[in-house]
Every structure is written in structure tokens, then in C-alpha cells.
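> just coords:
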């Protein structure tokens, strides 16, 4: 388990000590998508969802999710997030909504989990806002697209391996 930083030499879970790491600018981008029937997607594009502005509420929920990540994921460090952006795009070819979340900080550890939590929370909120119209929606493709900063440098998802 030497490569897994959240386990000590005895195999016990622990929070990683980042106190000796340099403070660097960090960025992570994650995505999620939620598939639905075309008639459910029409509630978003036509503004007829009974609960209101689906994409606006989901965007706010994603931002809140990023800010609460260390409360949800036991070994995540609380971080001073400096920016969270969420793009929610209706996609008739899916059909559904594509979600991209980008999180920034300057700190001693990355924001991958915050970006993944933001994208996931936004997708769950879309589901919640539309579940009366369709209970069979499917959240798919939750994954990290890119990370920058820290000693490991830049990571970009290689589409050919997914």
C-alpha cells in the first residue's frame, strides 16, 4: 500500500500530512452527465419544470458541494477554495445534461475531490428537480478531466483509455 497515501505502514486509514508541501496554485476540472428522456429534457429547455430553474439550482448546489467536500469525504482536507465554476449544458444527443465543474485554490493539496463533488452534486440536483417527471434518469461519466499544480504536475484524461 506504499502508493496509497491515505494508508499508513500498518494499513490504517489516516489524513495525509501536507504541512511540508509547497503552496501552489491548484486547479481541477471534473465532469458528469445525466441521461433522461427527451420529454424530460424539454422541461429544462422550455422552462416548465415544476420546481423551477433546474440548471440554476443545480449550479448553486454544485458550488455548495465543492465547499462542503471535506465534510463529506472523511480524509479530505478543508481547503480555501478561491473559485468554483459549473457549466451545465442541455444536450439533445445524450439526451440529458452535461456538467463540467472547475475548482481553484492556492494550497498544499489539490482540489480533485472538490471538482468531482461539485459535478456529482449538480447531477444529483438535476435528478431531484426532475424526478417527478422521470425516476429512471441515469447519472453517468463522473470523472476527473484535468488537474494542475503540485509536485505531480498536470494530469489530463486520455480519452483513448476511457
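Cool, got the structure. Keep in mind that what you see is a predicted model, and the values were worked out from it rather than measured.
> what are the ranges of the strands in this protein?
24-35, 81-91, 96-107, 138-148, 155-156 (DSSP state E).
> and stretch 58-75, how far apart are its ends?
The straight-line separation of the ends of stretch 58-75 (C-alpha to C-alpha, to the nearest Å) is 26 Å.
> what about this protein, any weak spots by pLDDT?
Applying pLDDT under 70 to the chain flags the ranges 1-2, 4, 6, 160-162.
> To residue 44, which of the strands of the chain lies closest?
strand 81-91 (5.5 Å; C-beta to C-beta). Just so you know, the C-beta spots here come from the backbone N, C-alpha and C atoms, and that holds for glycine as well.
> which residues sit against the closest one?
33, 41, 44-45, 55, 58-59, 62-63, 66-67, 96-106, 111, 114, 118-119, 122, 126 (C-beta atoms under 8 Å, 6 or more residues apart in numbering).
> Show me which of those are buried.
33, 41, 44, 55, 58-59, 62-63, 66-67, 96-105, 111, 114, 118-119, 122, 126 (16 or more other C-beta atoms under 10 Å).
> quick revisit: could you identify which of the strands of the chain is most buried?
Stretch with highest mean neighbour count among the strands of the chain: strand 96-107 (a mean of 23; mean count of other C-beta atoms under 10 Å).
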